[in-house]
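Asker: Model the structure of this input:
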Amino acid sequence: MSDPEGRPPPVPPPTVVRIACVALLLIGFGSVLISLPSLAKPQSARCTLARARIDDANTDRKPWNNVETGGRKVKDIPCADAVGLVTRIRLDEKGTRTASVPSEEAVRTQAGLTVVLGLGQGISAALLARTLRRPARNAAIAFAVFGVALPVLGVISLAAAVFVVYALLLSPAARQLWPRRS
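Answerer: Okay, the predicted model is just below:
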């Protein structure tokens, strides 16, 4: 049956394409949700990172990189002090290199790029699931590949990107939906 304009009824996408769209949608919007706090309050993200680095240095089994906190728990150290203490974490036992914390502008820039990337992933996945058109597929593949550069969810982001590229470019369903142009 067709609609009054003569278009055939919509065909649901193949399962592998549907799963790829859902995965990219979840990874994209998940990245946005994780990055928004860093974009809104980069000083807080910077403070959290500094405290985490101090805690990691003090709890590992390397006594040469420990940082003296004056008897305070790491979570009780004020932000400005925590950022300053990070520079006392030695990276090598015999070297002079020390750890650092990115500036607020660097945190804001990375979070902003991640939000844009996540929105691109989510929107391109939604468009692809809705239209199954080649430009939407190409955008979804491109955003999945760009997601490898900023894998907010770590290995999960990388695995999702590999699966999306396979499902939308190499799978038999993709070859049938979008045959190569001559």
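
Asker: Give me the below-cutoff pLDDT ranges for this structure.
Answerer: Within the chain, the stretches with pLDDT under 70 are 1-10, 182.

Asker: Past the longest helix along it, which element shows up next along the chain?
Answerer: Criterion DSSP state H: the longest helix present in the chain is helix 104-131. Counting by DSSP states H and E, the next helix or strand C-terminal to helix 104-131 is helix 134-146.

Asker: Which neighbouring elements make contact with the helix or strand that that next one is followed by?
Answerer: The first helix or strand that comes after helix 134-146 along the chain, using DSSP H and E, is helix 155-165. Counting contacts by 3 or more C-beta pairs under 8 Å, 6 or more residues apart in numbering; DSSP states H and E, helix 155-165 packs against helix 15-40, helix 134-146. Just so you know, the C-beta spots here come from the backbone N, C-alpha and C atoms, and that holds for glycine as well.

Asker: ok, now with 10 Å
Answerer: helix 15-40, helix 104-131, helix 134-146 (3 or more C-beta pairs under 10 Å, 6 or more residues apart in numbering; DSSP states H and E).

Asker: and the angle from that helix to helix 134-146?
Answerer: Using axes from the mean of the first three to the mean of the last three C-alpha atoms, to 10 degrees, the direction of helix 155-165 lies 150 degrees away from that of helix 134-146.

Asker: buried residues in whichever helix or strand comes after helix 155-165?
Answerer: Under the assignment DSSP H and E, the closest C-terminal helix or strand after helix 155-165 is helix 172-177. By neighbour count on 16 or more other C-beta atoms under 10 Å, the buried set for helix 172-177 is 173, 174, 177.
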